[in-house]
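[1] Test case, fold it:
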Amino acid sequence: MFQLRHFTVDVSLDSVGKVKSDYFHSTGQRCSTFDVAIAKTWQARTRALRLPDPSSRVKLCFFANTRHLMNSAWPATGKDGVAGAGFYGNCFYPVAVAAASGEVEAADVAGVVGIIREAKARLPVEFARWAVADFKDDPYELSFTYDSLFVSDWTRLGFLEADYGWGTPSHVIPFAYYPFMAVAIIGAPPVPKTGARIMTQCVEDEHLPAFKEEIKSFDK
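    Purely as a prediction, here's the structure:
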């Protein structure tokens with residue numbers, strides 16, 4: 001088990017917007033606030049770890065909704081060769097990203113966004129292959145190592161809109177973190193703040209000061 005420490009930070013809308021602009025100008029494509037937030041978090045964590053070998057692989061994992069891919073994954077499930085109508089429950093697939101630590105450290109944030117979006121672009125093909133058992137390693141068998149960061153997106157869950165009679169919350173945190181999993185949760189700060197709130201339990205004491213410094217530098 002790891003001795004992971006909590007740290008929460010807000011990043012400004014201006015900082016997020018700058019990376020979105022940089023990414024658009026370099027690729028002609030758009031990216032999301034989630035992309036930017038996890039890119040900065042992953043990079044800050046990688047720099048804080050200071051791995052001695054720049055070719056060492058660091059990993060990032062998050063789960064993507066795949067309900068919209070059901071028709072292509074199982075084309076003959078329902079009538080007329082399309083997936084049957086209905087609710088498919090928690091239909092998600094792990095998006096796994098891996099890169100050399102030196103690459104993640106040296107890139108600008110827009111460059112790290114590019115690494116992440118390349119993995120996201122592979123989702124339809126990888127999910128379709130998994131659906132027909134065309135895989136060597138089960139993607140759902142996850143490895144909880146210290147060089148891996150797991151990310152969850154809370155930006156669309158509506159937690160900050162909940163009001164049980166005494167107003168909306170000023171902060172929302174997970175009920176529990178797990179000591180075997182380095183995790184970052186991307187949410188929204190309470191109104192009137194804008195930007196993103198990054199809630200983490202992803203580094204141990206020896207790496208926490210450097211991680212804080214790196215991630216706070218995003219708004220400088």
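[2] What ranges does this protein have for its strands?
    Here the chain has its strands, by DSSP state E, at 4-11, 57-65, 92-100, 148-153, 183-187, 196-204.
[3] any chance you could map the helices in this structure?
    Assigned by DSSP state H, the chain shows helices spanning 13-27, 33-49, 70-73, 101-106, 109-121, 123-131, 208-216.
[4] sorry, back to before: for the strands of the chain, which one sits closest to Phe135?
    Of all those, strand 92-100 sits nearest to Phe135, with 11.4 Å by CB to CB. Just so you know, the C-beta spots here come from the backbone N, C-alpha and C atoms, and that holds for glycine as well.
[5] Quick one: distance of that closest one to the chain centre.
    Mean-position distance between strand 92-100 and its chain equals 9 Å (CA atoms, centre = their mean, to the nearest Å).
[6] ok, that strand: who's next to it in the sheet?
    Strand 92-100 sits in its sheet next to strand 57-65 (antiparallel), going by DSSP bridges.
[7] Now do the strand it pairs with: distance to the chain's middle.
    6 Å.
[8] Pull out the buried positions in it.
    Within strand 57-65, the residues that count as buried by 16 or more other CB atoms under 10 Å are 58-62.
[9] just to revisit the earlier point, make CSV from the strands of the chain and add mean pLDDT and distance to Lys212 to it.
    Supplementary listing: the strands of the chain in CSV, determined by pLDDT from 0 to 100; distance: least, CB to CB, whole Å:
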stretch, mean pLDDT, distance to Lys212
strand 4-11, 95, 6
strand 57-65, 95, 19
strand 92-100, 95, 23
strand 148-153, 96, 16
strand 183-187, 95, 13
strand 196-204, 96, 9
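[10] so which of the helices of the chain comes closest to Ile198?
    The nearest among the helices of the chain, by CB to CB, is helix 33-49 at 5.7 Å.
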